[in-house]
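S.K.: Okay, sequence plus prediction incoming.
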Amino acid sequence: ELKVEQNPLFLSMQEGKNYTIYCNYSTTSDRLYWYRQDPGKSLESLFVLLSNGAVKQEGRLMASLDTKARLSTLHITAAVHDLSATYFCAVDSGGGADGLTFGKGTHLIIQP
Amino acid sequence: GAGVSQTPSNKVTEKGKYVELRCDPISGHTALYWYRQSLGQGPEFLIYFQGTGAADDSGLPNDRFFAVRPEGSVSTLKIQRTERGDSAVYLCASSPIRGGTQYFGPGTRLLVL
């Protein structure tokens, strides 16, 4: 059974600081996704990582994938309040036929 | 263009009743997924359609849950004899191809009293 673990589950940080969210998964996977969810809203796709060593960046967010370690990171640079949200990583269990397995999410609060 | 839409946005029902939740995917998307999200948790996979057929229904919790997609576009998730534990947000997602990025709808918040 594929398991996805995120840490931390809760993070409060100040604007301007850097931090990293970690996502570990238990079995080989074809794809890893990062999603953002604002309170009461649905999920917004941020990144899709397809291969070992993949790195993608959008604004202050950068995601990377190490398939050998079964680890993905989401790095936040010089955080701003607008990045406050819950961030989920999700893993495709393979073959494209199954749904995604999600972590529990990291609830991020960025304080001025 | 229009995103994934779901109706109703909120549904309150009584224990034992039957409910239907509707998903209208992005036009042209062949893959459609249903998930259930409980408070403070990540979404849990329920069922996946490729076209009209349910390619993977391994996430459906029991036989009270059923979903259809008769014409390969709109899908309906049906829950019989609802229980209080069914209360959650039901999310629908669609993708242009099998294994592609999934785009989520706003969800239906189901409350079973």
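M.R.: Looks like it arrived, so ask away.
S.K.: So A:His107 sits against A:Gln6, correct?
M.R.: No - assessed by Cβ atoms under 8 Å, A:His107 is found out of contact with A:Gln6, at 10.2 Å. C-beta: built from backbone N, CA, C; applies to glycine.
S.K.: Between those two, point out the one with more neighbours.
M.R.: A:Gln6 (21 against 17; other Cβ atoms under 10 Å in any protein chain shown).
S.K.: For that one, list each beta-bridge partner.
M.R.: Under the criterion DSSP bridges, A:Gln6 forms beta bridges with A:Cys23.
S.K.: for it, what are its contacts?
M.R.: A:21-24, A:87-89, A:103-106 (Cβ atoms under 8 Å, 6 or more residues apart in numbering or on different chains).
S.K.: tell me which element the closest residue to chain A within chain B is part of?
M.R.: Nearest to chain A, among the residues of chain B, is B:Gly99, at 2.6 Å (Cβ to the nearest Cβ). For B:Gly99, there is no host helix or strand (DSSP states H and E).
S.K.: Look at it and report its pLDDT.
M.R.: We note a pLDDT of 78 for B:Gly99 in this prediction.
S.K.: before we move on, what about B:Lys11?
M.R.: As summarised for this prediction, B:Lys11 has a pLDDT of 98.
S.K.: what do you get for A:Pro112?
M.R.: A:Pro112 is given a pLDDT of 87.
S.K.: Now do the contacts for the closest residue to B:Gly85 other than its chain neighbours.
M.R.: Among residues not flanking B:Gly85 along the chain, B:Val112 sits closest, at 7.8 Å (Cβ to Cβ, 6 or more residues apart in numbering or on different chains). B:Val112 makes contact with B:13-15, B:17, B:82-87 under the criterion Cβ under 8 Å, 6+ apart.
S.K.: which of the contacts of A:Gln6 are buried?
M.R.: Buried members of the contacts of A:Gln6, counted by 16 or more other Cβ atoms under 10 Å in any protein chain shown: A:21, A:23-24, A:87-89, A:103-106.
S.K.: Could you list which of those residues belong to strands?
M.R.: With strands defined by DSSP state E, the entries of the buried ones among the contacts of A:Gln6 inside them are A:21, A:23-24, A:87-89, A:106.
S.K.: A:Lys56: which of the buried ones among the contacts of A:Gln6 is nearest?
M.R.: Of all those, A:Cys89 has the smallest distance to A:Lys56: 13.1 Å, by Cβ to Cβ.
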